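K.L.:
I'll drop the sequence and a predicted model, then ask my questions.
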Amino acid sequence: MSETVLNYIGGEWSRAQSGATAERRNPACTDELVATFPRSGREDVEKAVRAAREAFEGWRRTPAPRRGDILFRALRLFELRKEEVARAMTREEGKTLRESRGEVQKSLNVLEFVAGEARRLNGETVPSEMPSTFCYTVREPLGVVAVITPWNFPVAIPAWKIAPALVAGNTVVFKPASATPVTARILVEVLVEAGVPRGVLNLVYGDGGSIGSMLVDHPDVRAVSFTGSNEVGSKLHADAAKTHKKVLCEMGGKNPLVVLEDADVELAAVAAAQGAFGSTGQRCTATSRAIVARSRLEEFLRYVEREARAIVVGDGMKESTTMGPCVDERQHRTVLEYLAIARDEGARFVTGGDRLSASALQMGYFVPPTILADVKPSMRVAQEEIFGPVLSVIAVDSFEEAIEVSNDVRYGLAASIYTEDVERVMRFIDRIEVGIVHINSPTVGGEAQLPFGGMKATGVGGREMGRTAIEFFTEWKTVYVDYTGSKRETNIY
Ligand code: NAP
């Protein structure tokens, strides 16, 4: 059964003003229409920004703990719809039900953490150089913010942007990925039912290149929080500068998992497989490079091959499936192109290599878990984000070389090291150029109360999640109060 989802603008569910629509199909079975959604245009964007602008004053004046109460209510309502959201996510994005349920739980954790932050939007009191003067700082909301999100975590990422934006007193125009319209609708529904007032949160569907750009260029939008590809993020960052917007971009990754000669190699291989093939490799934190001490290479390959061969590829709606399809035709084609590039560059296929064509899989965008051995650090499959279930294995001869190879990419999101040598662990933490480091655990994952984001070409503009999320969505005001009103001399430099 397919459904028709609508924009939510100024407190009303509505079609695009032009009446134009687009479709989303199930990536595990492209015959199946999942949803029809509005293909919005300029008039819809204008209406949404206007609604958000008009609602701003009332929302910023609402006491922050009351804003937090709404998020706590949303948390409880969302909890009641956990399974519905997980199923919708699997159907439109393709990840397995287990993965979808995990993502929903993470979104709940985010809502819970951020709702509590409403009572901690603290500033500071600071001693003044001047007598009878009280100095302090307050956080203020920015105004209308645009939230532009990818399809790979269609509930968690919107939640970890929208929740802190709202708690901090901003109003939001949310443009979700076109691949995941239904999960976006449910998230907005829950927030609205919880009491977010009319105009404070607006949902606009449509093509990113068109309405996403309009939001980025709009003079009344004060900030853009974006997660997605480097291609889009780089352009968006430059465009937003023209209207002096605050911008946060979280983009690609090429995350290394380092296995030193003293490591528990089986543990490392299991983690590498989880990191590389979980969510079909479509995670910004996916383990896409295993950098392995040459002396343990064959052993590592044996274990990781065992893990890859145990994966059951198929429709994520089946409980027995452990890896779903690529999200769409474009992503599927990209992965297959990278496999051809790997072949041309001389990589050795330990597993995988072609699209899966068994009859049950013919109607979906399936590829097998693929392990590439004999990969050199300069190869394209070792440098570029593939965003599919492909693990490139690189052999190294020393700890120094492992660090150099790990850092020798333009990205800097997550990294992991397997070793029992504490000194090397500490040196790795010190020198690795990433925003998130894992020791003896996979590259993936992130908890709601901790900052999340990357260095180098992965991220600009701040960190998401944790208390740092509030930083992006507020600006500081510094206040000097002369409470006698009698100063003759002031230190004016
Ligand atoms: P994408 O193609 O860049 O799209 C992301 C969002 O931007 C979508 O809502 C898209 O809309 C919109 N968009 C497209 N063109 C735009 C434009 N010109 N102006 C404004 N918005 C525009 O990325 P994706 O394929 O959805 O996601 C995969 C990428 O996200 C990967 O590179 C992955 O590493 C990255 N990612 C990073 C993190 C992180 O935290 N670092 C987390 C998750 C994902 P449409 O869907 O309508 O095109």
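P.N.:
Happy to help now that I have it.

K.L.:
find the helix or strand that residue 71 is a member of.
P.N.:
helix 64-80 (DSSP states H and E).

K.L.:
quick one, phi psi at residue 476?
P.N.:
Taking degrees, to the nearest 10, you get phi -90, psi 140 for the backbone angles of residue 476.

K.L.:
mind showing which ranges of the stretch 351-493 of the chain have poor pLDDT?
P.N.:
486-493 (pLDDT under 70).

K.L.:
the ligand contacts on that one?
P.N.:
385, 387, 413, 454, 458 (C-beta under 6 Å from any ligand atom). For glycine as for every other residue, the C-beta is placed from the backbone atoms N, C-alpha and C.

K.L.:
and for the stretch 201-350 of the chain?
P.N.:
Checking the stretch 201-350 of the chain against the ligand by C-beta under 6 Å from any ligand atom, the hits are 207-209, 212-213, 216, 227-229, 232, 235-236, 250-253, 284.

K.L.:
name the residue of the stretch 251-400 of the chain that lies nearest to the ligand.
P.N.:
residue 284 (3.1 Å; C-beta to the nearest ligand atom).

K.L.:
please list all residues in contact with that residue.
P.N.:
By C-beta atoms under 8 Å, 6 or more residues apart in numbering, the residues touching residue 284 are 152, 227, 250, 251, 252, 253, 413, 454, 458.

K.L.:
which strand or helix spans residue 425?
P.N.:
helix 422-431.

K.L.:
by contact count, what packs against that helix?
P.N.:
Applying 3 or more C-beta pairs under 8 Å, 6 or more residues apart in numbering; DSSP states H and E, one finds that helix 422-431 contacts helix 399-407, strand 414-418, strand 436-439.

K.L.:
show me what counts as buried in that helix.
P.N.:
Using 16 or more other C-beta atoms under 10 Å as the test for burial, helix 422-431 gives 424, 425, 428.

K.L.:
as JSON lines, those with distance to residue 446 would be great.
P.N.:
Formatted as JSON lines, the buried residues of helix 422-431 follow (distance: C-beta to C-beta, whole Å):
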{"residue": "424", "distance to residue 446": "24"}
{"residue": "425", "distance to residue 446": "20"}
{"residue": "428", "distance to residue 446": "19"}
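
K.L.:
nearest to the ligand, of those?
P.N.:
residue 428 (21.0 Å).

K.L.:
from residue 348, how far out is that closest one?
P.N.:
28 Å (C-beta to C-beta, to the nearest Å).

K.L.:
tell me how many other residues surround the residue nearest to residue 385 when sequence neighbours are not counted.
P.N.:
Excluding the flanking residues, the one nearest residue 385 by C-beta to C-beta, 6 or more residues apart in numbering is residue 252, at 4.1 Å. Neighbour count of residue 252, defined by other C-beta atoms under 10 Å: 24.

K.L.:
may I have the phi/psi pair for the residue of the stretch 1-150 of the chain found nearest the ligand?
P.N.:
Of all residues in the stretch 1-150 of the chain, residue 150 sits closest to the ligand, at 3.1 Å by C-beta to the nearest ligand atom. The phi/psi pair for residue 150 (degrees, to the nearest 10) reads phi -90, psi 180.

K.L.:
from here on, count from 595
P.N.:
Done: numbering now begins at 595, and the last item shifts to residue 744.

K.L.:
that one and residue 936, how far apart?
P.N.:
25 Å.

K.L.:
now swap in residue 668 and tell me
P.N.:
Taking C-beta to C-beta, one finds residue 668 at 44 Å from residue 936.

K.L.:
what do you get for residue 637?
P.N.:
Residue 637 is 46 Å from residue 936, by C-beta to C-beta.

K.L.:
equivalent analysis for residue 633, please.
P.N.:
36 Å.

K.L.:
these two: who's more crowded?
P.N.:
Counting neighbours by other C-beta under 10 Å for residue 633 and for residue 936 shows that residue 936 has the greater number, 25 against 20.

K.L.:
grab the most central residue of the chain for me.
P.N.:
Taking C-alpha atoms, centre = their mean, the centroid of the chain lies closest to residue 751, which sits 4.8 Å from it.

K.L.:
who's in contact with it?
P.N.:
Contacts of residue 751 by C-beta under 8 Å, 6+ apart are 743, 744, 821.

K.L.:
in three-state terms, label it for me.
P.N.:
helix (DSSP: H, G, I helix; E, B strand; the rest coil).

K.L.:
all strands of the stretch 595-744 of the chain, in order?
P.N.:
597-598, 601-603, 606-608, 615-620, 623-632, 719-721, 727-735, 738-742 (DSSP state E, counting those that start in this stretch).

K.L.:
confirm residue 883 sits in a helix?
P.N.:
No - applying three-state DSSP, one finds residue 883 to be strand, outside a helix.

K.L.:
that one touches residue 988, doesn't it?
P.N.:
Yes - Residue 883 is in contact with residue 988 according to C-beta atoms under 8 Å; the separation is 6.1 Å.

K.L.:
got the phi and psi for residue 844?
P.N.:
phi -110, psi 120.

K.L.:
give me the neighbour count for it.
P.N.:
Using other C-beta under 10 Å: residue 844 sits among 27 other residues.

K.L.:
against residue 691, how distant is it?
P.N.:
26 Å.

K.L.:
low-confidence regions, this protein specifically.
P.N.:
Scanning the chain for pLDDT under 70 picks out the ranges 1080-1087.

K.L.:
mind doing that once more with 80?
P.N.:
948-954, 1079-1087 (pLDDT under 80).

K.L.:
kindly report the domain assignment for it.
P.N.:
597-845+1052-1072, 849-1033 (automatic domain parsing).

K.L.:
could these be laid out in a markdown table, adding distance to residue 1039?
P.N.:
Formatted as a markdown table, the domains of the chain follow (distance: least, C-beta to C-beta, whole Å):
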| stretch | distance to residue 1039 |
| --- | --- |
| domain 597-845+1052-1072 | 9 |
| domain 849-1033 | 7 |
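
K.L.:
before I go, just wanted to say thanks for your time.
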